[in-house]
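In: Take a look and give me a structure for this.
(one chain, ligands or ions: 2)
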Amino acid sequence: MKPVAWIIAYLARWFPHRAPTGLFPLGRPDADSPVLVTANFTLTIKRVRKALAGRSVWLLVTNSEGINVWCAAAGGILTENRVIDAIKVSRLSEKVRRHEVILPPLSAPGVDRKAVRRETGFRCRFGPVYARDIPAYLDAGKKKTEAMRRFDFGWRHRLDMFVPMNLPIYLAVAVVLYLAEPALLPGFTALFWTAVAFLYVFMDWIPGRTGWGQAMLSGLVFAIAQAALDWYSLGNPLAHWGRLLAVLIVFFAAGFDLAGILSPRTSDAERLMSNLGFRRFGSLFVEKETGRVALDRPKCHGCMTCSDICPVGVFNGLDEEKKMLFKDQGACFACGACVKQCPEDALSLIG
Ligand code: SF4
Ligand code: SF4
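Out: Ligands and ions are numbered 1, 2, ... in the order given. Next up is the predicted model:
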């Protein structure tokens, strides 16, 4: 991928970026090499290829319509049918001896492994969440550490999301300002990126249950601080009322989908969409189930699949009767992965 194309793909993540689908040899794979499945989102493929440099594996790129694995699986685009198609069209069974593919675990909300096995004869196992962990996972005989199972919403993820997720919001306002009142553009630019940086750094400590709520609370605090300063220095708290309004508007805009992008919580944008009756908006926002995971205890037979694929570690292992225990049921953000993958239909989302 050329540097300019990569920069465009990186910055414009809101939009699909399709890469060619099919079976690709990395290195010099043979009939015994592992097969890794991924989505045809250019950035994902670039990261997988980089992580696997120097390795000999098969890369099976499925059609996710240019959307990243998690969003495509949660949005009903990356499903078992796409994986089945990819396996059949690529004639994978003629290339490898062992009928097994390694799926990214973030595809679990969309891909029914049982159906893939039934239709193709290929067994699916879920690999590590991050491409960077694939070599260590393969070297360990396809065994995962606890860290390889979890999605990390920490600073690394936030740095990765900072510019691409906020640039479209910034540009949408900046273009209008540039056309209507160009003199306001520098002030808006400084205010917007300061607000976003503040939210990205301090989100974990700002009170509030929703990202929008946290953003508005922060905006209110900034606006009150500005008003207090004006009162003290100019004797009029509304001396810069336009600035106060701008602070509130900017924080409101910066809070758009803050929770959905940076934390394991329901996206505010998707919740709003659902309340308004929209099932889908663009390629990234889709109506999803909400609630918390619940276990139908008698049905559970202790296969540990749920614990293996939950990206936030809601499960805790088995009790003495070989039934799954919860570690932190309240941490569930209804991604749907365990519900989809439980072979006994013992899990559901309630409330
Ligand atoms: S996936 Fe289902 S059957 Fe397996 S341990 Fe979890 S709840 Fe039990
Ligand atoms: S417990 Fe909740 S967060 Fe974890 S996999 Fe199941 S639905 Fe997703």
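In: Tell me who's in contact with the most centrally placed residue in the chain.
Out: Nearest to the mean C-alpha position of the chain, counting by Cα atoms, centre = their mean, stands Trp70 at 5.1 Å. Taking Cβ atoms under 8 Å, 6 or more residues apart in numbering as the contact definition, Trp70 lies against 106-107, 109. Quick note: C-beta positions are derived from backbone N, CA and C, even for glycine.
In: quick one, longest helix in this protein?
Out: helix 155-180 (DSSP state H).
In: still on that earlier bit, and the residue nearest to the centre of the chain, what element?
Out: helix 69-74 (DSSP states H and E).
In: Can you list the buried residues in the helix or strand following that helix?
Out: Downstream of helix 69-74, the first helix or strand assigned by DSSP H and E is helix 80-89. Along helix 80-89, these residues count as buried under the neighbour rule (16 or more other Cβ atoms under 10 Å): 80-87.
In: how about those in TSV, adding pLDDT and distance to ligand 2?
Out: As requested, the buried residues of helix 80-89 are exported to TSV (pLDDT from 0 to 100; distance: Cβ to the nearest ligand atom, whole Å):
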residue	pLDDT	distance to ligand 2
Glu80	97	17
Asn81	97	21
Arg82	97	20
Val83	98	19
Ile84	98	23
Asp85	97	25
Ala86	98	24
Ile87	98	25
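In: Out of these, which is nearest to Arg292?
Out: Nearest to Arg292 among the buried residues of helix 80-89: Glu80, at 25.3 Å, using Cβ to Cβ.
In: hang on, isn't that closest one packed against Ala115?
Out: Yes: using Cβ atoms under 8 Å, Glu80 is in contact with Ala115, at 4.1 Å.
In: Enumerate the residues of the chain near ligand 2.
Out: Contact residues, the chain versus ligand 2 (Cβ under 6 Å from any ligand atom): 293, 310, 312, 314, 332-339.
In: again, only using 5 Å
Out: When proximity is defined as Cβ under 5 Å from any ligand atom, the chain approaches ligand 2 at 293, 310, 314, 332, 335, 337-338.
In: now, which of those residues lie within helices?
Out: Short answer: the residues of the chain next to ligand 2 in helices (DSSP H) are 337-338.
In: in the stretch 201-350 of the chain, which spans are helices?
Out: 211-234, 241-254, 258-262, 268-276, 305-309, 337-341 (DSSP state H, counting those that start in this stretch).
In: Can you redo these as TSV, where the extra columns are distance to Val48?
Out: What follows is those, written out as TSV (distance: least, Cβ to Cβ, whole Å):
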stretch	distance to Val48
helix 211-234	29
helix 241-254	31
helix 258-262	22
helix 268-276	27
helix 305-309	19
helix 337-341	20
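In: mind checking which of those helices is nearest Asp160?
Out: The nearest among the helices of the stretch 201-350 of the chain, by Cβ to Cβ, is helix 258-262 at 10.2 Å.
In: Other residues contacting that closest one?
Out: 153, 157-158, 161, 165, 199-200, 203, 210-212, 214-215, 265-270.
In: let's go with 10 Å and repeat that
Out: Contacts with helix 258-262, where a contact means Cβ atoms under 10 Å, 6 or more residues apart in numbering, come from 153-154, 157-158, 161-162, 164-166, 196, 199-200, 203-204, 206, 208-215, 251, 265-271, 284-285, 333.
In: With stretch 83-94 instead?
Out: 21-24, 31, 35, 37-38, 40, 58, 60-63, 79, 99, 101, 103, 107, 110-113, 115-122, 124.
In: ditto for stretch 171-181
Out: 11, 167, 183-189, 192, 249-250, 253.
In: from those residues, which would you call buried?
Out: Using 16+ other Cβ under 10 Å, the buried ones in the contacts of stretch 171-181 are 167, 188, 192, 249-250, 253.
In: And the furthest pair within those?
Out: Checking the buried ones among the contacts of stretch 171-181 with Cβ to Cβ, the most distant pair is Leu167 and Ile249, at 17.7 Å.
In: per-domain residue ranges of this protein.
Out: 3-149, 155-263, 289-350 (automatic domain parsing).
In: Reformat those as CSV; add distance to Leu276.
Out: Supplementary listing: these in CSV, determined by distance: least, Cβ to Cβ, whole Å:
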stretch, distance to Leu276
domain 3-149, 17
domain 155-263, 15
domain 289-350, 15
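In: Which among the ones you listed is found nearest to ligand 1?
Out: domain 289-350 (3.2 Å; Cβ to the nearest ligand atom).
In: where in this structure is pLDDT low?
Out: Counting by pLDDT under 70, the chain shows low-confidence ranges at 1, 274, 277-290.
In: which bits of the stretch 251-351 of the chain sit near ligand 1?
Out: So the stretch 251-351 of the chain meets ligand 1 at 300-301, 303, 305-306, 324, 342, 344, 346 (Cβ under 5 Å from any ligand atom).
In: Tell me what Leu26 is bridged to.
Out: Val57 (DSSP bridges).
In: Do I have it right that it meets Thr38?
Out: No: in this structure Leu26 lies outside contact range of Thr38 using Cβ atoms under 10 Å: 11.2 Å.
In: Give the residues shared as contacts by those two.
Out: With Cβ under 10 Å, 6+ apart, Leu26 and Thr38 have common neighbours 48-49, 59.
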